[in-house]
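**Q** how would this look folded up:
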Amino acid sequence: MKAVAILVAAGRGERMGADRPKAFLDLAGQPLVLRAARAFEAAPSVEGIVAVVPEAEVEGASALLQPVAGLLAVVPGGARRQDSVLEGLKQVPSGFDGVVLVHDAARPLVDTPLIECVVRGAGEVGAALPVLPLVDTVKRVENDTVVETLDRRELAAAQTPQGFRLEVLASAYEAAIRDRVTVTDEAMAVERAGGRVKAVPGSPGNRKITTPEDLAWAEGMVRGAVPA
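**A** The predicted model follows:
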């Protein structure tokens, strides 16, 4: 099963407090988006990569990612995540009959085994995503009051890459657009369209870089100073 990866790097990263989008921040000598692209370049199933970046970063990102094998395009993103992913989908080669992977460029430490696991899962049932079990007790809160304790055995934290047969994701997005619905990730679009999404084991090292503390943790990971 072959795959095309869409790297979503169009977010502003306001919680990072940096002067540029977080996907272009340096992690041990390489921008996050380049590290993520290199991870997909190394995955045997991935034959193409599309990067979706802020419009102001297209030229710089194109130069940065030019050496990455399989790079198909660098395109500007939209106002919402789903708008950015749709721009990426437009770059998937005509006639492609495999799995589309959608990955947050802010998860630069994704590894080949996880990528290949998602591709296999999506190939089997049409859609798949990696998840991690929750370790904390989870409460539902309304107006500063705890109203319910949720069963964490039925809950999981979603990661990326999320993988989909191309026709499954395209159809789910068409439904979301028709219904004027904003989805928080691609799996949500498939879920609401009635599709099955397979959960595969995620990786603690596949952490999303959102805050300066996350970036410091990732620096330690790359340098071997901290465990996953």
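
**Q** Tell me if I am right that residue 68 is in a helix.
**A** No. Residue 68 sits outside any helix when classified using DSSP: H, G, I helix; E, B strand; the rest coil, being coil.

**Q** From residue 187, how far out is it?
**A** Look at residue 68 and residue 187: by Cβ to Cβ, to the nearest Å, they are 26 Å apart. Yep, even glycine has a C-beta here, placed from its N, CA and C like the rest.

**Q** So the two - more neighbours on which side?
**A** residue 187 (25 against 16; other Cβ atoms under 10 Å).

**Q** OK, contacts around that one?
**A** 127, 129, 158, 162, 197 (Cβ atoms under 8 Å, 6 or more residues apart in numbering).

**Q** Can you check those and name whichever has the most neighbours?
**A** Going by other Cβ under 10 Å, residue 162 tops the contacts of residue 187 with 28 neighbours.

**Q** From residue 215, how far out is that one?
**A** Distance, residue 162 to residue 215, using Cβ to Cβ: 23 Å.

**Q** and if you look at residue 132?
**A** As judged by Cβ to Cβ, residue 132 and residue 215 stand 20 Å apart.

**Q** The two: which is more packed in?
**A** residue 215 (20 against 15).

**Q** Figure out the helix or strand that that one lives in.
**A** Using DSSP states H and E, residue 215 sits within helix 212-222.

**Q** same question, residue 171
**A** Take DSSP H and E as the rule and residue 171 turns out to sit in helix 166-178.

**Q** Now do residue 12, the pLDDT please.
**A** Per-residue confidence (pLDDT) for residue 12: 69.

**Q** got it, and residue 223?
**A** Model confidence at residue 223 (pLDDT) stands at 85.

**Q** Now the phi/psi pair for it, please.
**A** Main-chain dihedrals, residue 223, degrees, to the nearest 10: phi -90, psi 0.

**Q** so how far is residue 106 from it?
**A** According to Cβ to Cβ, residue 223 and residue 106 sit 19 Å apart.

**Q** More neighbours: which of these two?
**A** More neighbours surround residue 106 than the other of residue 223 and residue 106, with 26 against 9 (other Cβ under 10 Å).

**Q** If we ignore the residues flanking it in sequence, what's nearest the more buried one?
**A** In this structure, residue 106 finds its nearest non-sequential neighbour in residue 209, 4.7 Å apart by Cβ to Cβ, 6 or more residues apart in numbering.

**Q** okay, and for the protein, where does confidence drop off?
**A** 12-15, 17, 225-228 (pLDDT under 70).

**Q** where do the helices sit along it?
**A** Using DSSP state H, the helices of the chain run over 32-41, 58-65, 81-89, 112-125, 166-178, 186-192, 212-222.

**Q** Turn these into CSV, including distance to residue 51.
**A** Output for those, formatted as CSV (distance: least, Cβ to Cβ, whole Å):
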stretch, distance to residue 51
helix 32-41, 6
helix 58-65, 6
helix 81-89, 8
helix 112-125, 16
helix 166-178, 18
helix 186-192, 17
helix 212-222, 19
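
**Q** helices or strands up against the helix holding residue 171?
**A** Counting contacts by 3 or more Cβ pairs under 8 Å, 6 or more residues apart in numbering; DSSP states H and E, the secondary-structure elements packed against helix 166-178 are helix 81-89, strand 99-104, helix 186-192.
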